[in-house]
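1. Task: produce atomic coordinates for the following.
(chains A and B)
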Amino acid sequence: MNNNNVIEVQNLTKMFGDFTAVNAISFEVEKGEIFGFLGANGAGKTTAMKMLIGISNPTSGKANVAGLDVYKQAEDIKKNIGYMSQKFALYDDLTVKENITFFGGIYGLSRKRIKEKSATLIEELGLESVAKKLVGSLPLGWKQKLSFSVSLLHDPKIVFLDEPTGGVDPITRRQFWELIYKAAHQGTTVFVTTHYMDEAEYCDRVSIMVNGKIEALDTPKKLKQQFNVTNMNDVFLKLARG
Amino acid sequence: MKRFIGFIKKEFYHIFRDRRSLFILFGMPIAQIMLFGFAITNEINNIDIAVLDHSKDATTEEIIHKISASKYFSINQFINKESDIESVFKKGKVKAVLNFEKDFSKNLIKNHKANLQIITDATDPNTANTISNYVNAILIQYQKELNKNISIPYQIVPQTRMVYNPELKSVYMFVPGVMTIILMLVSAMMTSISITKEKELGTMEILLVSPIKPIQVIVGKVFPYIFLSVINAVVIVLLSIFIFKMPVQGSLFLLGLESILFIISALALGILISTISATQQTAMMISLMGLMLPVILLSGFIFPISSMPLPLQVISNIIPAKWFIIIIKGIMLKGVGLQYIWKETFILLGMTIFFIALSVKKYKIRLE
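-> All right, here's what the predicted structure looks like:
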């Protein structure tokens, strides 16, 4: 056991009836790492992630998140992680400030802390002019950046991002990744699923899931060497085609 | 607790910023009670009738005068020949035609018998029936006046008294029904829609990943609707007291408690609906088809349960609204206390507990 690991997974399995969605996967994620969790649609990424964030019970195997057991301490895990889903998930009919206050509130932040946090967050994202506008009126790119910042509001040890950049333009994606780097730099571990292969290059390490199993796990550089290709896209294609 | 308050605050933002839900919450109850109270009514007033008077003598004139003097009828027109009868009905101008035979007065004096034909438009059977009954009643009254000096050897004199609603106002029947519908609508439909909305938007997932407990999410979502339903119930009772002059005979406190019990059972149904529907539209359709229709048709609100076919009578028993209507009719109109309605209350309580248990179970399965 390495004390620097914030996620440790051993033979984690999830079955739905006869169907094995996640088949005995094992991996570790280190503190401060940007861990890319790749796979085609239906490969089992989301199911695996749901077990780690405590909203789905594993069928078998072991998993520790932030040093806590997913079976027994799911409630404690929730306090230590942030989550942003592929669906945009702030409230459209609340203003930027109200959203921040609400999510700060459900994570149990004090009123004073919420005030400080929301002031810095709005300043960092350059949202001063729209702080009192309904989130529904913002462009998607802004909403996603806001959503990410909200998931970091309670300073979680790990943040889980489920296809966070779906449907946004390349420039916004680039800016979004700058936010991810910044969070990782400040010591937050980032666990991100994506199917944009250029994004995989930005990760410290990536795992590639095919049909419920992890078929490859290493740094992008070593994976490219191993498969003797020049980019991650080709690594993925080689694996997915079997 | 602080989390919970923040949650409820957010819920009120949702409600007050959505015009559609605001309308359902506050416009609908008032609109419905006004509609049922003023526009939709079983009473007949100022029904237009036509008269075909073949004799035009003193007696027919007197009868016509009596009929037009009553508040139920107004004489729309006089027609002159039989063939006009059909045409006035077809034009839809009148609901009934009175056809006095030739030599009405003469026949009455000579033969002690004269014929008056009452023809009614039975496209609306209830009205047709009522019209013929009312005309008959006026005729009987008139006959009595004619026979004042003659005593009939055997007489049965019915003495009718309409208790609890002596003026037979239909609003007395509608207020409890409308209150039931509104509470059902606000509590069950609005909650199920607001919960499925979070599922649809993906915010429910975010909430489940946060440290806030699922039970807190659900209670937080239903709490504003309990509050708003209670306000609605109060508004409806106030409207019925001050606008329709329908006094609440029984204890307001008991009425309040029973209403809260019904609200909770409707909320539990709303949660149940939200666990089985993935989108807001589905939730709305299930609420309308599965809850509203039975409440309107099978609860005894409009159609008396005792005259339904047996299978429907049996089905009506599983509708919480049926029991609630019996309870509030008892309290509002008859002024009864708990000793008369404990059985219904008990059934409603049992149903509420059952729905809550079922929705908690279903909700847990969903989380898996």
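2. which other residues reach stretch B:196-213?
-> Taking contacts as C-beta atoms under 8 Å, 6 or more residues apart in numbering or on different chains, the residues outside stretch B:196-213 that touch it are A:53-55, A:75, A:78-79, A:81, A:83-92, A:103, A:106-108, A:160, B:3, B:7, B:195, B:214, B:217, B:221, B:274, B:277-280, B:282-283, B:367. The C-beta positions use only the backbone N, C-alpha and C, and glycine is treated the same way.
3. try it again with 7 Å
-> Applying C-beta atoms under 7 Å, 6 or more residues apart in numbering or on different chains, the external contacts of stretch B:196-213 come out as A:53, A:55, A:75, A:78-79, A:83, A:85, A:87, A:89, A:91, A:106-108, B:3, B:214, B:217, B:274, B:277-280, B:283, B:367.
4. got it, and stretch A:215-230?
-> The set of residues external to stretch A:215-230 that reach it, using C-beta under 7 Å, 6+ apart, is A:27, A:200-201, A:203-208, A:231-232, A:234-235, A:238-239.
5. filter these to the buried ones?
-> For those, a neighbour count by 16 or more other C-beta atoms under 10 Å in any protein chain shown gives the buried set as A:27, A:200, A:203, A:204, A:205, A:206, A:207, A:208, A:232, A:235, A:238, A:239.
6. pretty sure the first one is in a helix, no?
-> No - going by DSSP: H, G, I helix; E, B strand; the rest coil, the assignment for residue A:27 is strand, not a helix.
7. How about residue B:228, nearest residue that isn't a chain neighbour?
-> Closest residue in space to residue B:228, ignoring its immediate chain neighbours: residue B:25 at 5.7 Å, by C-beta to C-beta, 6 or more residues apart in numbering or on different chains.
8. Surely that neighbour touches residue B:229?
-> No - using C-beta atoms under 7 Å, residue B:25 is not in contact with residue B:229, being 9.1 Å away.
9. shared neighbours of these two, anything?
-> What both residue B:25 and residue B:229 touch, as defined by C-beta under 7 Å, 6+ apart, is the set residue B:186.
10. Could you check which of those two is surrounded by more residues?
-> For residue B:25 versus residue B:229, the count of surrounding residues by other C-beta atoms under 10 Å in any protein chain shown is larger for residue B:229: 29 against 22.
11. Helix or strand: which one has that one?
-> Assigned by DSSP states H and E, residue B:229 belongs to helix B:214-242.
12. which secondary structure elements does that helix contact?
-> In terms of contacts (3 or more C-beta pairs under 7 Å, 6 or more residues apart in numbering or on different chains; DSSP states H and E), helix B:214-242 is packed against helix B:2-17, helix B:28-34, helix B:171-184, helix B:190-201, helix B:252-276, helix B:338-367.
13. Show me what from chain B comes close to chain A.
-> By C-beta under 7 Å from any C-beta of the partner chain, the residues of chain B that approach chain A are B:2-3, B:6-7, B:10, B:13-14, B:17-18, B:201-203, B:205-206, B:208-212, B:367-368.
14. Could you pick out the buried ones from these?
-> B:3, B:6-7, B:10, B:13-14, B:201-203, B:205-206, B:208-212.
15. Confidence-wise, which of the residues you listed comes last?
-> Within those, the minimum per-residue pLDDT falls on residue B:3 (81).
16. Which residues are in contact with residue 37?
-> No chain specified, so I'll use chain A. Residues in contact with residue A:37 (C-beta under 7 Å, 6+ apart) are A:45, A:49, A:191, A:192, A:193, A:207.
17. meant chain B actually
-> By C-beta under 7 Å, 6+ apart, the contact set of residue B:37 is B:171, B:174, B:243, B:244.
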